[in-house]
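[1] the sequence and its predicted three-dimensional model are supplied below.
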Amino acid sequence: MFAIPGKQAVTITDTAAVQIARLMDKGGHKGLRIGVKKGGCAGMEYTMDYVDDVDPNDEVVEQDGARVMIAPMAQMFLFGTEIDYETSLLESGFKFRNPNVVDACGCGESIKFDETIGSQK
């Protein structure tokens, strides 16, 4: 595992925690699982799925009633990421401020990570 003892893989802003808790309550889910997958014009995309069962290999981050699970294969890519929720005149949604991202597409849906991440042993 990539985690540093005593440090969470991700942080959640207060605004994101409120929205995640709201989604959990609305659907009766145990949380949201965050991961990454290949795709998009920059090479990778974030994924978010409702969770009804916690995988023992997930890293669990809890704050103010919100619970986020980090999929095992995504932990090294998401380490140090801040999850926020922003609302603007045209859109609202989760935003990921990830120090591991080296490039992103123009639409903001696809990202590219430093190539050394994932190749570390």
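    Structure received. Numbers count the residues shown, from 1 in each chain.
[2] OK, contacts around residue 27?
    By C-beta atoms under 8 Å, 6 or more residues apart in numbering, residue 27 lies in contact with residue 50. In this view, the C-beta of every residue, glycine as well, is placed from N, C-alpha and C.
[3] next one, pLDDT for it please.
    pLDDT recorded at residue 27 is 87.
[4] now residue 2
    Residue 2 is given a pLDDT of 48.
[5] also the one 3 residues further on?
    Residue 5 carries a pLDDT value of 51.
[6] do a quick rundown of the helices in the chain.
    For the chain, applying DSSP state H gives helices covering 14-27, 75-78.
[7] which residues belonging to the longest one are considered buried?
    For helix 14-27, burial by neighbour count (16 or more other C-beta atoms under 10 Å) applies to 16-17, 19-21, 24.
[8] identify the bridge partners of the residue nearest the centre of the chain.
    The residue lying closest to the centre of the chain (C-alpha atoms, centre = their mean) is residue 34, at 4.3 Å. Beta-bridge partners of residue 34, counted by DSSP bridges, are residue 48, residue 70.
[9] what residues are up against it?
    Applying C-beta under 8 Å, 6+ apart to residue 34 gives the contacts 10, 46-48, 68-71, 74, 78, 83.
[10] least confident of those?
    Lowest pLDDT of the contacts of residue 34: residue 46, 84.
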